[in-house]
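Engineer: Quick one, structure for this:
(one chain, ligands or ions: 2)
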Amino acid sequence: MHPTASEAAAPPAVMGIVNVTPDSFSDGGRAAAPAAAIGLARRHLADGAAFVDIGAESTRPGAAEIPLEEEWRRLAPVLEVLLAEGAPVSVDTRKAEIMRRALALGAPMINDVSALTFDAAALDVIAGASCEVVLMHAKGLPEDMQENPTYDDVAAEVLSYLEARIAACAAAGIERRRIVADPGIGFGKTFRQNLELMAALPRFRELGVRLLVGASRKGFIGWLTGVKQADRRLGGSIGAALAAAAGGADILRVHDVAETVQALAVFHAARNGHPPPSDR
Ligand SMILES: Nc1nc2c(c(=O)[nH]1)N=C(COP(=O)(O)OP(=O)(O)O)CN2
Ligand SMILES: Nc1ccc(C(=O)O)cc1
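Structural biologist: Ligands and ions are numbered 1, 2, ... in the order given. Below you'll find the predicted structure:
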């Protein structure tokens with residue numbers, strides 16, 4: 001079993017978000033041009049991100065699927081440059097053909113908000129590669145996922161779904177060390193259900209794979225704080241990041257890398273009662 005945050009040698013790794021989209025919920029248009037996306041990715045890495053997650057299709061509540069070739073037209077120039085310089089890139093996509101093309105360019109990680117269920121060919125693409133893969137829980141599709149999501153017990157249902165997806169991957173030959181599980185904050189969950197999931201994170205350690213949490217700037221933070229503009233939710237996002245770290249997350253997917261890395265360094269050292277080993 002993995003150590004919990006308080007026992008771990010290092011704080012969680014940070015994954016910096018790069019949305020090559022015109023319409024993402026908090027930063028749409030900011031990195032829509034390839035040069036801006038490449039610049040943002042390099043800045044995230046310089047700021048201490050262990051990975052950058054490059055996505056070209058918004059999956060915000062209500063968003064519609066975009067065509068494959070449009071997704072690739074946005075991604076290709078960014079991936080070509082970053083992968084050629086050996087950047088640790090994760091590609092956020094639901095489509096097997098995008099996965100195939102990204103892997104051919106050398107992408108070391110695929111992040112699928114549908115846990116390899118949106119596209120029937122995706123599981124085999126990942127099984128045939130050696131990349132890491134993020135399996136995220138979502139209930140429904142972005143189009144309709146926020147229309148009255150209901151669960152008897154949200155944590156138990158999300159856990160058993162992720163268990164089943166990990167088992168499907170294992171059956172296809174994908175080793176557990178390649179897998180990262182994610183409860184999918186905001187994907188077919190009410191604001192209250194998101195909080196239940198955040199509080200239940202320690203139970204997700206039972207899955208026996210690394211755990212990723214993406215809460216940055218999301219709607220439940222606006223609901224809790226009254227901050228309507230998503231890009232003004234830095235304080236709330238830091239709060240969510242520290243709660244996820246305390247709950248045992250291994251990777252935090254965030255928009256504000258420098259601030260999150262700084263908060264995690266202090267949180268971790270203060271909980272341990274000493275600085276990291278190299279500074280002792
Ligand atoms: N594994 C994982 N992937 C994700 C997650 C998440 O929580 N976990 N959240 C997202 C939403 O944030 P983003 O800023 O990318 O918004 P957008 O969908 O509007 O582009 C998009 N992708
Ligand atoms: N893709 C997503 C973007 C935003 C949210 C949210 O604000 O809860 C959820 C999913």
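Engineer: Going by C-alpha atoms from here, please, whenever you check contacts or count neighbours.
Structural biologist: Fine.
Engineer: near ligand 2, which residues of the chain show up?
Structural biologist: 25, 59-61, 186-187, 218-219 (CA under 6 Å from any ligand atom).
Engineer: Just send the residues you listed back as TSV, with pLDDT and distance to residue 94 too.
Structural biologist: TSV is the format used below for the residues of the chain next to ligand 2 (pLDDT from 0 to 100; distance: CA to CA, whole Å):
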residue	pLDDT	distance to residue 94
25	96	18
59	97	10
60	97	14
61	96	16
186	98	17
187	98	14
218	98	20
219	98	22
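Engineer: Note down every partner strand of the longest strand that the chain contains and its orientation.
Structural biologist: Ranked by residue count and defined by DSSP state E, the top strand of the chain is strand 13-19. Applying DSSP bridges, strand 13-19 is found paired with strand 51-55 (parallel), strand 251-254 (parallel).
Engineer: right, and the helix or strand after the helix or strand harbouring residue 98?
Structural biologist: Taking DSSP states H and E as the criterion, residue 98 maps to helix 96-104. Next helix or strand after helix 96-104 toward the C-terminus (DSSP H and E): strand 109-112.
Engineer: what mean pLDDT does that next one have?
Structural biologist: Over the span of strand 109-112, the pLDDT mean works out to 98.
Engineer: tell me what it is packed against?
Structural biologist: Judged by 3 or more CA pairs under 8 Å, 6 or more residues apart in numbering; DSSP states H and E, strand 109-112 is in contact with strand 89-92, strand 132-136.
Engineer: Same list, these, but as a markdown table with distance to residue 112 please.
Structural biologist: Listed next are those as a markdown table, based on distance: least, CA to CA, whole Å:
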| stretch | distance to residue 112 |
| --- | --- |
| strand 89-92 | 6 |
| strand 132-136 | 6 |
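Engineer: These into JSON lines, with extra columns for mean pLDDT and mean neighbour count?
Structural biologist: Shown next, in JSON lines, are these (pLDDT from 0 to 100; neighbours: other CA atoms under 10 Å):
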{"stretch": "strand 89-92", "mean pLDDT": "98", "mean neighbour count": "25"}
{"stretch": "strand 132-136", "mean pLDDT": "99", "mean neighbour count": "24"}
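Engineer: before we move on, the earlier item: just the buried residues of the helix holding residue 98, please?
Structural biologist: Neighbour-count burial for helix 96-104, counted by 16 or more other CA atoms under 10 Å, picks out 96-100, 102-103.
Engineer: Of those, just say which sits nearest to residue 120.
Structural biologist: residue 96 (7.9 Å; CA to CA).
Engineer: For the buried residues of helix 96-104, give me CSV that also has pLDDT and distance to residue 252.
Structural biologist: Output for the buried residues of helix 96-104, formatted as CSV (pLDDT from 0 to 100; distance: CA to CA, whole Å):
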residue, pLDDT, distance to residue 252
96, 98, 24
97, 98, 27
98, 98, 24
99, 99, 22
100, 98, 25
102, 98, 22
103, 98, 23
